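S.K.: 3D model of this:
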Amino acid sequence: MNPDLTLPPVAAPYQLPFHYGALHNIGLDYLVDPTPARELLAKRHPDLTLAEFDGRACATLNYQLYFAQYANGAGITQEVEFSVIAHPTACADRLARLTYRQFADGRDQTKLLGIARLHVLCDNPLAIDAGTRLYGEPKYPAWFESTMPSLNGPAGEAWSVTCKRAAFTEGGDGLDRRPEGLFSFHADLAGLARTPVNNTPITGYGTDPDGRPLAGPMNVYQPYQYHPLAAQDAERVLLTVHDEASEIGEHLSTLIGRAPAVAAWTYQSAPVAAHNHPYYLPSRQPR
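M.R.: Residues are numbered from 1 along each chain as shown. The predicted model follows:
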């Protein structure tokens with residue numbers, strides 16, 4: 001049997017698909033010089049080809065806060081994926097020629113244009129293990145300080161995420177949180193135009209330890225909100241590299257540098273219940 005026609009094994013103790021109980025997600029897209037992106041992609045994922053939109057590559061930062069419920073409890077995870085948009089080299093003849101905006105609107109019906117992950121930083125050891133073993137993600141420890149729009153917080157449309165250095169604890173089942181920041185971003189989307197877009201499933205690409213390419217689609221069951229950023233909106237999104245000597249800092253500086261974000265896309269799970277304001281009951285005793 002041709003091994004390329006078989007499904008990758010599901011590493012124990014995991015089972016697929018992985019179901020998200022709730023997801024809060026912001027992505028930032030940058031149109032950048034394709035040369036360094038192409039060189040890094042060739043090192044990380046040699047079976048993929050960089051997508052180009054009018055001669056530019058698309059580098060993307062994708063922050064997720066998600067909740068998952070298990071038979072014996074629950075887990076909360078934060079992570080950031082730093083990726084470039086790419087497609088399998090062997091499938092190039094199936095792709096239509098798209099502008100960036102057409103891609104962002106979800107016009108690629110093949111879903112071959114996906115995120116080729118260059119770095120995945122995560123605060124949950126279980127999620128790091130699962131992403132590495134199941135999807136070939138270049139996933140490693142970090143921790144996050146984050147704020148985002150919330151019905152349980154003050155009004156606003158701002159997202160702020162700081163990613164900090166971490167390492168596994170000696171037993172490997174916890175994180176040693178370090179104080180050093182790696183990078184951060186701030187995005188204030190208040191008042192910006194937004195468009196619902198049907199851009200999922202999002203195909204995430206990885207490469208396993210044997211060098212075999214993997215593709216893992218992720219379905220999100222409601223539309224994303226797409227926020228185009230015009231030139232006058234450049235100051236709405238600020239990306240700061242705090243440690244340029246780190247690998248993620250070096251790659252952010254090389255691939256994105258001072259390029260402005262061209263769009264943000266957001267998704268926040270709807271609440272499923274609300275505990276309401278209490279009220280006083282009539283008392284039989286005077287107060």
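
S.K.: wouldn't residue 148 be in contact with residue 26 here?
M.R.: Yes: using CB atoms under 8 Å, residue 148 makes contact with residue 26 at a distance of 7.3 Å. (Each C-beta comes from the backbone N, C-alpha and C, glycine too.)

S.K.: between the two, who's got more neighbours?
M.R.: residue 26 (27 against 19; other CB atoms under 10 Å).

S.K.: which other helices and strands contact the helix or strand containing the more buried one?
M.R.: Secondary structure from DSSP states H and E places residue 26 in strand 22-32. Judged by 3 or more CB pairs under 8 Å, 6 or more residues apart in numbering; DSSP states H and E, strand 22-32 is in contact with strand 57-70, helix 100-104, strand 175-188, strand 263-268.

S.K.: Which of the ones you listed sits closest to residue 168?
M.R.: strand 175-188 (6.7 Å; CB to CB).

S.K.: May I have the strands that pair with the closest one, each with its orientation?
M.R.: Here strand 175-188 is paired, per DSSP bridges, with strand 158-168 (antiparallel), strand 237-241 (antiparallel).

S.K.: Just give me how far the longest one sits from the chain centre.
M.R.: In terms of CA atoms, centre = their mean, to the nearest Å, the gap separating the centre of strand 158-168 from the centre of its chain is 13 Å.

S.K.: Please enumerate residues in contact with it?
M.R.: 26, 63, 80, 121, 123, 125, 141-149, 174-190, 243, 246, 248, 266 (CB atoms under 8 Å, 6 or more residues apart in numbering).

S.K.: just the CA coordinates of that strand, formatted as PDB?
M.R.: Taking C-alpha atoms only, strand 158-168 is exported to PDB below (Å, rounded to 0.1, in the frame of the first residue of the first chain):
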ATOM      1  CA  ALA A 158      -8.600  46.200  22.300                       C
ATOM      2  CA  TRP A 159      -6.400  43.100  22.400                       C
ATOM      3  CA  SER A 160      -3.100  43.100  24.100                       C
ATOM      4  CA  VAL A 161      -0.800  40.000  24.300                       C
ATOM      5  CA  THR A 162       2.600  39.700  25.800                       C
ATOM      6  CA  CYS A 163       4.500  36.400  25.200                       C
ATOM      7  CA  LYS A 164       7.200  35.500  27.800                       C
ATOM      8  CA  ARG A 165       9.900  32.900  28.000                       C
ATOM      9  CA  ALA A 166       9.200  29.600  29.700                       C
ATOM     10  CA  ALA A 167      10.600  26.100  30.100                       C
ATOM     11  CA  PHE A 168       9.300  22.700  31.200                       C
END
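
S.K.: by how many degrees do that strand and strand 22-32 diverge?
M.R.: Angle of strand 158-168 versus strand 22-32, following axes from the mean of the first three to the mean of the last three CA atoms, to 10 degrees, is 100 degrees.

S.K.: Tell me which residues of strand 158-168 come out buried.
M.R.: Under the neighbour-count criterion of 16 or more other CB atoms under 10 Å, strand 158-168 has 159, 161-166 buried.

S.K.: okay if I get those residues as CSV plus distance to residue 98?
M.R.: Compiled in CSV, these are given as follows (distance: CB to CB, whole Å):
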residue, distance to residue 98
159, 27
161, 29
162, 34
163, 30
164, 36
165, 37
166, 37
